[in-house]
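**Q** 3D, please:
(chains A and B)
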Number of protein chains: 2
Amino acid sequence: MHAVVPFAAENPKTRLAGVLEPAERERLARAMLVDVLEAIERAGATPTVLTTQPLEIETVVDLEVEVEVEGEADIPTIVDDRPLTAAVNGVLEERVVESGQEVAVVMADLALVTPDTLERLFSTDGDVVIAPGRGGGTNALVVRHPEFRVDYHGASYLDHRNRAAAIDATLETIDSFRLSTDIDEPADLVEVLLHTDGRARRVLEALGLELSISEGRVGVGRSETTGWS
Amino acid sequence: MHAVVPFAAENPKTRLAGVLEPAERERLARAMLVDVLEAIERAGATPTVLTTQPLEIETVVDLEVEVEVEGEADIPTIVDDRPLTAAVNGVLEERVVESGQEVAVVMADLALVTPDTLERLFSTDGDVVIAPGRGGGTNALVVRHPEFRVDYHGASYLDHRNRAAAIDATLETIDSFRLSTDIDEPADLVEVLLHTDGRARRVLEALGLELSISEGRVGVGRSETTGWS
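**A** Purely as a prediction, here's the structure:
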């Protein structure tokens, strides 16, 4: 299974601006990317990064925390500065239509993803297999039908279901909390601190972020030692 | 498998106050409860409602939309006006400790739950099996160890993990989007409209709520015909 991981290299994760500075958001985004790439490899699939600008995977992990990327030199990248939908459809046309391959598309901010979860995704039969994200998104999918195209704008989960029905493609959905959780907003950082031991969590901890529990609600804050302001 | 469904009968779902009036929130809460009870029965388990005040299940579905509850008269209720943690621990003491049963605890606001999802929960081995909710909650669990007790305050997912470790209980987690999604806040209503055809969705539709998509974000709004203000 080939798994394409779209990655917006410039100014990532703007919705975390209230909690993280630009350079911190970039660190987190790259740590999540490498976590996802590693989980894909451990699930027995072959990742490709679909990036908006050239990316040296070796430098992806230029972080103050210790992170190791094994085999990083082997991960190919495709540079495509078109919007996400057009870039992913370009890959589908090349690989599914022309080469007859099955292709997975896995978002780069799925910090909770594990090899087990991805194996469940990759091994589910269906012309189209979707892991919905919260809010109607499509966080991961597998495409095995040459007429299927993505449209990530709006409620893509519904659009993708409709598209599959229109081309008579069989469709399955994957019921996974880990695949449903893309890390976009400050509240999502709670999930990183709770449910993974990967690089993304280590980056947050190195930045001084920790769980804060008040009035029974769980949030994130900076630890006092790093001067939360 | 016995499955206990805690239900706060009075003034439910206050965090939906910005979108729904009190009577509407009550309708939704009761529709979700019946959806959960039905899914439990279809998963082959026996539900009991653990309610803060006497509840006529027959009247639970006194809704303007058509809802059918088959076998509702057979669903027993336990009335316990203590806080959630104490009430659930009371059930665990009676059933797991004294009667040696395995007990599931499934929250009443898991509107997306399906029989398949619950079968996955119920059939997973482990002294304690947890389905985490977003934000560190525990949306569903199975208890088979007599020393395990719940504590729903704060990050209960972590507390429950720690408790299981402290008593040498084996612990498994269930990776389920449907079980992770409790319906608490307006954004959660999007998930009801997207991912279930149950009573909860029919109530929202009868109240005129529908998906609204703007700037690529998905939310909910009142349809014009019902006078969204």
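**Q** so where does residue A:37 fall, helix or strand?
**A** According to DSSP states H and E, residue A:37 maps onto helix A:22-42.
**Q** Which residue is the nearest non-sequential neighbour of residue A:137?
**A** Excluding the flanking residues, the one nearest residue A:137 by C-beta to C-beta, 6 or more residues apart in numbering or on different chains is residue A:156, at 5.8 Å. In this view, the C-beta of every residue, glycine as well, is placed from N, C-alpha and C.
**Q** May I have the helix or strand following the helix holding residue A:37 as CSV, with CA atoms only?
**A** Proceeding N to C from helix A:22-42, the next assigned helix or strand is strand A:46-51, under DSSP H and E. Extracted C-alpha coordinates of strand A:46-51, given in CSV (Å, rounded to 0.1, in the frame of the first residue of the first chain):
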residue,chain,number,x,y,z
THR,A,46,5.2,3.0,1.9
PRO,A,47,4.8,6.7,2.7
THR,A,48,5.3,9.6,0.3
VAL,A,49,5.1,13.2,1.5
LEU,A,50,3.1,15.4,-0.8
THR,A,51,4.5,18.8,0.1
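**Q** hang on, the earlier thing: now do the buried residues in the helix holding residue A:37.
**A** In terms of neighbour count (16 or more other C-beta atoms under 10 Å in any protein chain shown), helix A:22-42 has its buried residues at A:24-41.
**Q** ok, residue A:146 - contacts?
**A** A:96, A:97, A:100 (C-beta atoms under 8 Å, 6 or more residues apart in numbering or on different chains).
**Q** So among the residues you listed, which ones count as buried?
**A** residue A:96.
**Q** so which of the contacts of residue A:146 comes closest to residue B:208?
**A** residue A:96 (41.0 Å; C-beta to C-beta).
**Q** Contacts only, for the residue nearest to residue A:137.
**A** Contacts of residue A:156 (C-beta under 8 Å, 6+ apart): A:136, A:137, A:138, A:150.
**Q** burial count for the residue nearest to the first one when sequence neighbours are not counted?
**A** It refers to residue A:136. Distances taken as C-beta to C-beta, 6+ apart put residue A:155 closest to residue A:136, at 3.5 Å, once the chain neighbours are dropped. Neighbours of residue A:155 under the rule other C-beta atoms under 10 Å in any protein chain shown: 24.
**Q** residues touching residue A:155, list them.
**A** Residue A:155 touches A:136, A:137, B:194, B:211, B:213, B:218, counting by C-beta under 8 Å, 6+ apart.
**Q** any idea how far residue A:212 is from the closest residue to residue A:76 other than its chain neighbours?
**A** Among residues not flanking residue A:76 along the chain, residue A:48 sits closest, at 5.1 Å (C-beta to C-beta, 6+ apart). According to C-beta to C-beta, to the nearest Å, residue A:48 and residue A:212 sit 38 Å apart.
**Q** between these two, which one's more packed in?
**A** Between residue A:48 and residue A:212, counting by other C-beta under 10 Å, residue A:48 is the more crowded of the two (19 against 14).
**Q** I figured that one was touching residue A:75, is that so?
**A** Yes. With contact defined as C-beta atoms under 8 Å, residue A:48 reaches residue A:75; the gap is 7.3 Å.
**Q** How about the residues of chain A by chain B?
**A** A:116-117, A:131-132, A:134-136, A:153-155, A:157-158, A:175-181, A:187, A:190-191, A:194-195, A:211, A:213, A:216-218 (C-beta under 8 Å from any C-beta of the partner chain).
**Q** Run a quick neighbour tally on the residue nearest to residue A:154 when sequence neighbours are not counted.
**A** Nearest residue to residue A:154 in three dimensions, chain neighbours excluded: residue B:213, at 4.5 Å (C-beta to C-beta, 6+ apart). When neighbours are counted by other C-beta under 10 Å, residue B:213 registers 15.
**Q** Which is the succeeding secondary structure element to the helix or strand residue B:213 falls within?
**A** Residue B:213 belongs to strand B:209-214 when assigned by DSSP H and E. Next helix or strand after strand B:209-214 toward the C-terminus (DSSP H and E): strand B:217-222.
**Q** ok, that next one near chain A or not?
**A** Yes. Judged by C-beta under 8 Å from any C-beta, strand B:217-222 comes into contact with chain A at B:217, B:218.
**Q** Now do that strand: which elements does it pack against?
**A** Packing contacts for strand B:217-222, counted by 3 or more C-beta pairs under 8 Å, 6 or more residues apart in numbering or on different chains; DSSP states H and E, involve helix B:186-195, strand B:209-214.
**Q** Go through the ones you listed and pick out the most buried.
**A** Ranked by mean neighbour count under mean count of other C-beta atoms under 10 Å in any protein chain shown, the helices and strands packed on strand B:217-222 are led by helix B:186-195, which reaches a mean of 21.
**Q** what's in contact with that one?
**A** Residues from elsewhere that reach helix B:186-195 (C-beta under 8 Å, 6+ apart): A:132, A:134-136, A:155, A:157-158, B:16, B:18-19, B:111-112, B:178, B:181-183, B:200-201, B:204-205, B:209-211, B:218-220.
**Q** circling back to that earlier point, quick check: phi and psi on the residue nearest to residue A:136?
**A** phi -80, psi 80 (degrees, to the nearest 10).
**Q** On the pLDDT front, check it for me.
**A** According to the prediction, residue A:155 has pLDDT 92.
**Q** got the buried residues for stretch A:8-24?
**A** A:8, A:9, A:12, A:13, A:16, A:19, A:20, A:24.
**Q** Just the CA atoms of that stretch, as PDB, please.
**A** In PDB, the C-alpha atoms belonging to stretch A:8-24 read as follows (Å, rounded to 0.1, in the frame of the first residue of the first chain):
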ATOM      1  CA  ALA A   8       1.500  22.200   4.100                       C
ATOM      2  CA  ALA A   9       5.100  23.300   4.800                       C
ATOM      3  CA  GLU A  10       4.500  27.000   5.200                       C
ATOM      4  CA  ASN A  11       3.000  28.700   8.200                       C
ATOM      5  CA  PRO A  12       1.300  25.500   9.400                       C
ATOM      6  CA  LYS A  13      -1.400  25.100  12.100                       C
ATOM      7  CA  THR A  14      -2.500  28.700  12.300                       C
ATOM      8  CA  ARG A  15      -5.400  27.900  14.500                       C
ATOM      9  CA  LEU A  16      -2.900  27.100  17.200                       C
ATOM     10  CA  ALA A  17      -1.700  30.700  17.100                       C
ATOM     11  CA  GLY A  18      -3.300  31.500  20.500                       C
ATOM     12  CA  VAL A  19      -1.100  28.900  22.200                       C
ATOM     13  CA  LEU A  20       2.000  28.400  20.100                       C
ATOM     14  CA  GLU A  21       4.400  30.800  18.300                       C
ATOM     15  CA  PRO A  22       5.000  30.300  14.600                       C
ATOM     16  CA  ALA A  23       8.300  28.500  15.100                       C
ATOM     17  CA  GLU A  24       6.700  26.300  17.700                       C
END
